[in-house]
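**Q** Pasting a predicted model and its sequence here:
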Amino acid sequence: MLTLLVCASLLLHVLTFIAIRALQSNIQQQESRHQKDKQAYESMLSSILEELREENDRLLQAEPKSGKPRTETAEEDKPAPAAEEDIAPESDYAPPQPIEEEDQVSMSNLGRVLQLHDQGKASAEIAKQLGMGKTEVELILLMKKNG
């Protein structure tokens, strides 16, 4: 009877060891998958940041050079209040008239990207059509893929 109990205990220990090894390999696979996803997100974000830097550089180069830096809240930039009769129109600006449109449900960029992707369009084509960055579209698709 003792040998039977020892054999059963040995068998249970072996099965437990096999289950532990299977769980350990499963955890290692999940960790490696997580690392790959993390690297993909980091590379995607770094390319987005690089695009933003390039766009900022282009905008800064296109901005007219002036002697003093522009600030929104500086008091000296604000015009002095004038009397009502001295006010003259500075430009021919007229505010846009509201356009009467039918009630339509507007779709966010996320929804439009996913819809165009479901139609089988490539990420570069989607980005061009929506006026977005290619990496931004790829990031949205990657986030959808990973849930």
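**A** The structure has been received and is ready for your questions.

**Q** And the lowest mean pLDDT element among the helices and strands of this structure?
**A** In the chain, no helix or strand scores lower on mean pLDDT, DSSP states H and E than helix 134-145, which sits at a mean of 84.

**Q** Quick one: list the elements packing against that one.
**A** Packing contacts for helix 134-145, counted by 3 or more CB pairs under 8 Å, 6 or more residues apart in numbering; DSSP states H and E, involve helix 2-62, helix 109-118, helix 123-130. C-beta coordinates here come from the backbone N, C-alpha and C atoms, glycine included.

**Q** Put together JSON lines for those, with mean pLDDT, mean neighbour count and distance to residue 144 on each row.
**A** As requested, these are exported to JSON lines (pLDDT from 0 to 100; neighbours: other CB atoms under 10 Å; distance: least, CB to CB, whole Å):
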{"stretch": "helix 2-62", "mean pLDDT": "93", "mean neighbour count": "10", "distance to residue 144": "13"}
{"stretch": "helix 109-118", "mean pLDDT": "87", "mean neighbour count": "15", "distance to residue 144": "6"}
{"stretch": "helix 123-130", "mean pLDDT": "88", "mean neighbour count": "16", "distance to residue 144": "12"}
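
**Q** Format those helices as TSV; extra columns: distance to residue 92.
**A** As requested, the helices and strands packed on helix 134-145 are exported to TSV (distance: least, CB to CB, whole Å):
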stretch	distance to residue 92
helix 2-62	25
helix 109-118	34
helix 123-130	33
